[in-house]
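J.: give me a 3D structure for the following:
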Amino acid sequence: MIYQSDELTIKRLDGDIAELNFDLKGESVNKFDNATVTSLTAALDALEAESGIRGLLVTSGKPVFIVGADITEFVQLFGASKDEIKPFTGANNKNFNRLAALPYPSVVAINGFAMGGGLEVCLACDFRVMSSAAKVGLPETKLGILPGWGGTVRLPRIIGVDEAVMWMATGQDKKAAEALKAGAVDAIAEPDQLRAVALATLRGAMEGQLDYQGRRTQKHSPLPLNDTEAMMSFFTINAMVAQQAGRNYPAPVKVVEVIQNAYKLGLEEALEVEADAFAELATTPVAAALVGVFLNDQLLGKKAKGWEQQVDKPVARAAVLGAGIMGGGIAYQSALKGIPIKMKDINQEGLDLGLSEANKLLAKRVSRGRMTPDQMGDILNSIDPTLTYAGFDQVDIVVEAVVENEKVKGIVLAETEKEIDKDAVLASNTSTISITRLAENLQRPENFCGMHFFNTVH
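T.: Numbers count the residues shown, from 1 in each chain. All right, here's what the predicted structure looks like:
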């Protein structure tokens, strides 16, 4: 063992090959938190001091490669100045530069997700072998920032400016076939063959069959564009990205600006341009807001999984209060998905309108060949129109979709709660009225929620 920590290890394979394995203890995924960045620095110290190494294999001990930086640690930067933010990217940029400058070739085996900093460390390696089941991407612009560990520098020098800008400006994930076609990876392997293919690629580089030094020269050099080519390329890209991003999302436009300002520079100088732009974006309220949205989404996802595990009563029957166009659409959607539903209204005209809406939507599916008349009949039969609460004690969820009037809704919800099972979910389709205020009418507010359907529902 050359190096070992809670975040990663380096060990020798077959004598002259070293394996750098990311495996963050206590976590389901690898990420570049401060501890991992520090460990990578120490690991590179140990690797540079080790003699007899002729090649490096980079792997992950998790089902995914590396999901990127630890965004929770990034929050502390909000409110800081540009000069205070720049060290955030500096330490790992030094790590990646050292990894890229090792006196022997490196190959990374990309399994699962390699996102943000996870892909950037892959770009620092000489060759990239990707699992057919993996995905890669640089999603930083979705957080209001841009890649800060060399993504804006290395990716354009590997796959070209136009393609690299699209990767970063959209922040989209890329499957293995897309990444190979773009030239971002060098080979694809089935998951069970990934390690073998990566090792074979490494041995090919070690034996001189693959030119890893040429790869390094390409990534350290200015982009191969003359002034005319650069002017035409960046003018077109700038206009397109600005139009798509709009004035409220500066990060995609800043990506183009950074590449343009650094296209004549070598690696080190280009990384400085990137670091300045990263720090500039990180001070904006847009970045603070988008990172907040991301973290809240992650938190809600974790809570939802926890709640889902606690629930042992699947939704088998539903009900909707208020028919008409909205209620009929909700009834249609439930029945179409195989959940029988009661559709209640206070008058027959509302029920007729709701059934007409469901019938119209189903008939359209039949006319387009997406459903047979028999299937349409079965689905319509699973919508039970009613003027009473009979059978409501058997439903698992009720969606209230009556008139948008707080007093009326409060009365209807309180009335309905008395007719349903104590564990049933009661939801309101309101788009404007406070769910908290509506809950004041209920005895079991913990089972009440907002569940808004847009119009048209389907």
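J.: helices or strands next to the top helix by length along the chain in the packing?
T.: Under DSSP state H, the helix in the chain containing the largest number of residues is helix 285-310. Counting contacts by 3 or more CB pairs under 8 Å, 6 or more residues apart in numbering; DSSP states H and E, helix 285-310 is packed against helix 71-74, helix 250-262. All C-beta atoms are positioned from the backbone trio N, CA, C, and that covers glycine.
J.: and the shortest one, which residues are buried?
T.: By neighbour count, and taking 16 or more other CB atoms under 10 Å as the criterion, the buried residues in helix 71-74 are 71, 74.
J.: gap between that helix and the chain center?
T.: 16 Å (CA atoms, centre = their mean, to the nearest Å).
J.: with stretch 262-280 instead?
T.: So, by CA atoms, centre = their mean, the centroid of stretch 262-280 is 26 Å from its chain's centroid.
J.: got it, and stretch 374-387?
T.: The answer for stretch 374-387 is 39 Å, by CA atoms, centre = their mean.
J.: need the CA coordinates for it. PDB is fine.
T.: Extracted as PDB, the C-alpha positions of stretch 374-387 are listed here (Å, rounded to 0.1, in the frame of the first residue of the first chain):
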ATOM      1  CA  ASP A 374     -62.600  -2.200 -25.000                       C
ATOM      2  CA  GLN A 375     -59.800  -0.600 -23.000                       C
ATOM      3  CA  MET A 376     -61.600   2.700 -23.100                       C
ATOM      4  CA  GLY A 377     -64.700   1.100 -21.700                       C
ATOM      5  CA  ASP A 378     -62.800  -0.500 -18.900                       C
ATOM      6  CA  ILE A 379     -61.200   2.800 -17.900                       C
ATOM      7  CA  LEU A 380     -64.400   4.700 -18.000                       C
ATOM      8  CA  ASN A 381     -66.000   2.000 -15.800                       C
ATOM      9  CA  SER A 382     -63.300   2.600 -13.200                       C
ATOM     10  CA  ILE A 383     -64.600   6.200 -12.800                       C
ATOM     11  CA  ASP A 384     -67.500   6.100 -10.300                       C
ATOM     12  CA  PRO A 385     -69.500   9.400 -10.400                       C
ATOM     13  CA  THR A 386     -71.400  10.000  -7.200                       C
ATOM     14  CA  LEU A 387     -73.400  12.700  -5.300                       C
END
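J.: thinking again about what came up before, I'd like to know which of the helices and strands packed on helix 285-310 has the weakest mean confidence.
T.: Ranked by mean pLDDT, those bottom out at helix 71-74, with a mean of 84.
J.: next structured bit after it?
T.: helix 82-100 (DSSP states H and E).
J.: pull up the pairing partners for the following helix or strand past that next one, direction included.
T.: As assigned by DSSP H and E, the chain's next helix or strand after helix 82-100 is strand 106-110. Here strand 106-110 has these sheet partners by DSSP bridges: strand 55-60 (parallel), strand 127-131 (parallel).
J.: also compute the angle for strand 106-110 relative to helix 82-100, please.
T.: Inter-element angle recorded for strand 106-110 and helix 82-100: 110 degrees (by axes from the mean of the first three to the mean of the last three CA atoms, to 10 degrees).
J.: before we move on, back to that, quick one: which of the strands paired with strand 106-110 is nearest residue 445?
T.: strand 55-60 (44.7 Å; CB to CB).
J.: in PDB, could you pull the C-alpha coordinates for that closest one?
T.: Coordinates of each C-alpha in strand 55-60 appear next as PDB, following Å, rounded to 0.1, in the frame of the first residue of the first chain:
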ATOM      1  CA  GLY A  55       1.600   3.700 -15.100                       C
ATOM      2  CA  LEU A  56      -1.400   4.800 -13.000                       C
ATOM      3  CA  LEU A  57      -4.900   3.400 -13.000                       C
ATOM      4  CA  VAL A  58      -7.600   5.600 -11.500                       C
ATOM      5  CA  THR A  59     -10.800   3.900 -10.200                       C
ATOM      6  CA  SER A  60     -13.800   4.200  -7.900                       C
END
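J.: let's have the chain start at 493 instead
T.: Let's use 493 as the start, then, which means that last one is strand 547-552.
J.: centre of the chain to it, how far?
T.: 25 Å.
J.: which residues are contacting it?
T.: 505, 508-515, 522, 539, 558, 591, 594, 596-601, 603-604, 613-614, 617, 687, 690-691, 694-695, 697-698 (CB atoms under 8 Å, 6 or more residues apart in numbering).
J.: which positions in it come out as buried?
T.: 547-552.
J.: what's the answer for stretch 708-725, then?
T.: By neighbour count on 16+ other CB under 10 Å, the buried set for stretch 708-725 is 711-712, 715, 717, 722, 725.
J.: sitting in helices, which of these do you find?
T.: Within those, residues falling in helices by DSSP H are 711-712, 722, 725.
J.: among these, which one lies nearest to residue 946?
T.: Out of those, the member with the shortest distance to residue 946 (by CB to CB) is residue 725, at 40.8 Å.
J.: state the pLDDT value of that closest one.
T.: 88.
J.: quick one: contacts for it?
T.: Contacts of residue 725 (CB under 8 Å, 6+ apart): 653-654, 717.
J.: make it 6 Å
T.: By CB atoms under 6 Å, 6 or more residues apart in numbering, the residues touching residue 725 are residue 653.
J.: repeat that for residue 528.
T.: Contacts of residue 528 by CB under 6 Å, 6+ apart are residue 499.
J.: can you say which helix or strand has it in it?
T.: helix 526-541.
J.: same question, residue 640
T.: Assigned by DSSP H and E, residue 640 falls outside every helix and strand.
J.: pull the helix or strand with minimum mean pLDDT from the protein.
T.: Of all helical and strand segments in the chain, the minimum by mean pLDDT, DSSP states H and E falls on helix 563-566, at a mean of 84.
J.: report the backbone C-alpha coordinates of that helix in CSV.
T.: Extracted in CSV, the C-alpha atoms of helix 563-566 (Å, rounded to 0.1, in the frame of the first residue of the first chain):
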residue,chain,number,x,y,z
ILE,A,563,-22.0,21.5,-2.6
THR,A,564,-22.8,21.7,1.1
GLU,A,565,-19.3,23.0,1.7
PHE,A,566,-19.7,25.5,-1.1
